[in-house]
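Visitor: next one to model:
(2 chains)
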Amino acid sequence: DQQVKQNSPSLSVQEGRISILNCDYTNSMFDYFLWYKKYPAEGPTFLISISSIKDKNEDGRFTVFLNKSAKHLSLHIVPSQPGDSAVYFCAVGAQKLVFGQGTRLTINP
Amino acid sequence: EAQVTQNPRYLITVTGKKLTVTCSQNMNHEYMSWYRQDPGLGLRQIYYSMNVEVTDKGDVPEGYKVSRKEKRNFPLILESPSPNQTSLYFCASSSGQGLTYEQYFGPGTRLTVT
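Guide: The predicted model follows:
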């Protein structure tokens, strides 16, 4: 039973438009939420995070939204750039991190 | 440069032949962890360590061993590898000081067991 789900295995977006990646979780005890980005042949790198006391955190082109009642997390990238093409993992934590399956984002020129 | 290193990066081995994947970090991090990445399953935690001589099982520990004798090193040991352990493995570390969840990952080790 997966506690963290990213239901879209892949997403294709036009350069300059908004990319929205989604993540759902089941355990309301999770109190910290993160997004990692992974390029081929590299390890994941931390992108942005949010704690359960907030519903939004912004860092440049990246914004993470948290809807605790719906147990839903999303990452918005605006504007999308070709260098954003990567696999994105959401991760949620209480005592340890649990990762989603990942979404492959492709930004088309 | 702050980093997590893993060796080897690629390994092809046969069933039953013991192997060790090394992991080392130079950030003086207390927390270290091993993950495996499989298609459609994302990253799953194998083992983690909160500090020297303190290790605990993650979600998929079967068939793996770890040790934490020094703060910087956290090797992953497969005593008798099997084909279902063919995967991409990542080591990670974090400071554990309010940033427990922001982990730094190594570049990965791709293991094939035939």
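
Visitor: which residues touch the residue in chain A positioned nearest to chain B?
Guide: Residue of chain A nearest chain B, by C-beta to the nearest C-beta: residue A:43 (3.2 Å). (Each C-beta comes from the backbone N, C-alpha and C, glycine too.) The contact partners of residue A:43, taken as C-beta atoms under 8 Å, 6 or more residues apart in numbering or on different chains, are B:4, B:90, B:92, B:105-108.

Visitor: and the pLDDT for it?
Guide: In this model, residue A:43 is scored at 95, pLDDT.

Visitor: in chain A, what secondary structure element scores lowest on mean pLDDT?
Guide: Here the helix or strand of chain A ranked lowest by mean pLDDT, DSSP states H and E is strand A:97-99, holding a mean of 88.

Visitor: how about residues contacting it?
Guide: Applying C-beta under 8 Å, 6+ apart, the contact partners of strand A:97-99 are A:3-4, A:25, A:30, A:34, A:36, A:89-92, B:35, B:42-45, B:59, B:101, B:103.

Visitor: quick one: distance of that strand to the chain centre.
Guide: 12 Å (C-alpha atoms, centre = their mean, to the nearest Å).

Visitor: what's the next secondary structure element after that strand?
Guide: strand A:103-108 (DSSP states H and E).

Visitor: contacts for that following strand?
Guide: A:6, A:8-15, A:19, A:21-22, A:77, A:80-88.

Visitor: next one: phi and psi at the residue nearest the centre of chain B?
Guide: In chain B, the C-alpha nearest the mean C-alpha coordinate belongs to residue B:34, at 2.8 Å (C-alpha atoms, centre = their mean). The phi/psi pair for residue B:34 (degrees, to the nearest 10) reads phi -120, psi 140.

Visitor: what's the end-to-end length of stretch B:3-15?
Guide: Start-to-end span of stretch B:3-15 (C-alpha to C-alpha, to the nearest Å) is 31 Å.

Visitor: for stretch A:31-47, same thing?
Guide: 17 Å.

Visitor: again with stretch A:47-63
Guide: End-to-end distance of stretch A:47-63: 10 Å, with C-alpha to C-alpha as the criterion.

Visitor: what do you get for stretch A:84-99?
Guide: End-to-end distance for stretch A:84-99: 20 Å, by C-alpha to C-alpha.

Visitor: how about it: buried residues?
Guide: The neighbour-count check on stretch A:84-99 (16 or more other C-beta atoms under 10 Å in any protein chain shown) flags A:84-93, A:96-99 as buried.

Visitor: can you list the weak-confidence ranges in chain B?
Guide: B:97-101 (pLDDT under 70).

Visitor: what sits against the residue of it found nearest chain A?
Guide: Chain A sits closest to residue B:105 of chain B, with a gap of 3.2 Å, by C-beta to the nearest C-beta. Listed by C-beta under 8 Å, 6+ apart, the contact set of residue B:105 reads A:36, A:43-45, B:4, B:90-92.

Visitor: list buried residues within these.
Guide: Buried residues within the contacts of residue B:105, defined by neighbour count using 16+ other C-beta under 10 Å: A:36, A:43-44, B:4, B:90-92.

Visitor: what about the contacts of strand A:103-108, which are in helices?
Guide: Here DSSP state H is the test, and those give no hits in helices at all.

Visitor: the residues you listed: which ones sit near chain B?
Guide: Residues of the contacts of strand A:103-108 in contact with chain B (C-beta under 8 Å from any C-beta of the partner chain): A:6, A:9.

Visitor: related to what we said a few turns ago, beta partners for the residue of chain B closest to chain A?
Guide: residue B:92 (DSSP bridges).
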